[in-house]
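> Sequence first, predicted coordinates after that:
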2 protein chains.
Amino acid sequence: MVRESEIREGELAVEMPTARDAGLVFIGRIRTPWTSRLEAPRQGRHDGPVCRLEIFDPWVPALKGIDFYSNLEVIYWLHLSRRDLVLQSPKNNKSTRGTFSLRSPQRPNPLGTSIVKLVGVEGNTVLVRGLDCLDETPLVDLKPDRCEYSPLAPPQAGDFEGE
Amino acid sequence: MVRESEIREGELAVEMPTARDAGLVFIGRIRTPWTSRLEAPRQGRHDGPVCRLEIFDPWVPALKGIDFYSNLEVIYWLHLSRRDLVLQSPKNNKSTRGTFSLRSPQRPNPLGTSIVKLVGVEGNTVLVRGLDCLDETPLVDLKPDRCEYSPLAPPQAGDFEGE
């Protein structure tokens, strides 16, 4: 069973620094079928339920052209997560792993990322499949999946720096 | 040529809301060969130069087990970016696209994400190839690439919700 907020045997929490190195603005809200961390999927599936990305003003015009892509990268804020764990025990069996070697929602900056399938766009709302987050999760960013995307800006010197 | 901070013909900027819906803590600093936006690659290459992710205290123990993966997802804060553009003209030719249909660094929350190749770990530093960001870019998160990762936590009901 996933954690609600307890610390498990062997885990290590640190004193969380004040998180004000940069500030986020929530650009929207994600609507999914899951209202409890005890039922949400551990990872999204591309044949999973349709979820809704509701974009807030003043960002709606930034959706122009998004339907050009079939796969999008979604970044969201896992607002219920602990941020102070550096060692975690996902199986709750005393064995631990570092937070950066896990895709656990508990992390110093609880950002989730998913690659989703675009289903459609309806006004200020983008319909997608492939999410795993709770209903009402704040949306932070939305961009084309890198695998489908070629930069539109002209080439730069660094583009050609191979080994 | 990439933008420094000018607005181009046809682009649309909005009044940027105060960005305090959530706060980030920078977990480290990225060292790359690029010191100007006019030379950095538009996208990283897996045969590109080795870059260094220097992890700050108190997060170093969170690296435990990271060498288990050959591909990592890196999330960073594009600290020099404008945040107020909703329509952009990457080719500077009057034609515009919405910010969310671009992987441009200019976005309401200027988060960059890259999939990188792990080269090695030396103390508090992770060596990787595949980045495209400027030297001294703040590091926000680091996790296994989803393609290599299977959740360690026990299964949940949502895991089985297909169409």
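Looks like it came in fine.
> ok, and does the helix or strand encompassing residue A:87 reach over to chain B?
Secondary structure from DSSP states H and E places residue A:87 in strand A:85-88. Yes: judged by Cβ under 8 Å from any Cβ of the partner chain, strand A:85-88 and chain B are in contact via A:86-87. All C-beta atoms are positioned from the backbone trio N, CA, C, and that covers glycine.
> and that strand, what other elements does it pack with?
For strand A:85-88, the packing partners by 3 or more Cβ pairs under 8 Å, 6 or more residues apart in numbering or on different chains; DSSP states H and E come out as strand A:12-13, strand A:97-98.
> who does the last one pair up with?
Spelled out, it's strand A:97-98. strand A:85-88 (antiparallel) (DSSP bridges).
> on that earlier part again, tell me the mean pLDDT over the strand holding residue A:87?
The average pLDDT for strand A:85-88 rounds to 98.
> Could you single out the most deeply buried of the helices and strands packed on strand A:85-88?
Mean neighbour count, computed with mean count of other Cβ atoms under 10 Å in any protein chain shown, is highest for strand A:97-98 among the helices and strands packed on strand A:85-88, reaching a mean of 20.
> buried residues in the helix or strand that that strand is followed by?
The first helix or strand that comes after strand A:97-98 along the chain, using DSSP H and E, is strand A:111-122. Within strand A:111-122, the residues scored as buried using 16 or more other Cβ atoms under 10 Å in any protein chain shown are A:111-118, A:121.
> from these, which single one is nearest chain B?
Each of these was scored against chain B by Cβ to the nearest Cβ, and residue A:111 proved nearest at 5.4 Å.
> Bridging across strands, which residues link to the nearest residue to that closest one once chain neighbours are set aside?
Sequence neighbours aside, residue B:141 is the residue nearest to residue A:111 in space, at 5.4 Å (criterion: Cβ to Cβ, 6 or more residues apart in numbering or on different chains). With beta bridges defined as DSSP bridges, residue B:141 has these partners: residue B:75.
> Return the distance of residue B:141 relative to residue B:27.
7 Å (Cβ to Cβ, to the nearest Å).
> Need the overlap of contacts for the two.
Shared contacts of residue B:141 and residue B:27 (Cβ atoms under 8 Å, 6 or more residues apart in numbering or on different chains): A:108-109.
> and these two? which has more neighbours close in?
residue B:27 (27 against 24; other Cβ atoms under 10 Å in any protein chain shown).
> which residues are contacting stretch A:68-75?
Here stretch A:68-75 makes contact (Cβ under 8 Å, 6+ apart) with A:30, A:53, A:66, A:111-118, A:126, A:128, A:131, A:139-149, B:75, B:101, B:109, B:111, B:113.
> okay, and for chain A, where does confidence drop off?
A:1, A:163 (pLDDT under 70).
> what residue lies at the spatial centre of chain A?
residue A:112 (2.3 Å; Cα atoms, centre = their mean).
> was I right about that residue contacting residue A:76?
Yes: using Cβ atoms under 8 Å, residue A:112 makes contact with residue A:76 at a distance of 4.9 Å.
> what's the residue nearest to residue A:111 in contact with, if anything?
By Cβ under 8 Å, 6+ apart, the residues touching residue B:141 are A:100, A:107-109, A:111, B:27, B:73-75.
> can you rerun that using 6 Å?
Residues in contact with residue B:141, defined by Cβ atoms under 6 Å, 6 or more residues apart in numbering or on different chains, are A:109, A:111, B:75.
> Tell me how far the last one lies from residue A:95.
Spelled out, it's residue B:75. On the measure of Cβ to Cβ, residue B:75 and residue A:95 end up 26 Å apart.
> More neighbours: which of those two?
Neighbours per residue, other Cβ under 10 Å: of residue B:75 and residue A:95, the larger number sits with residue B:75, 20 against 11.
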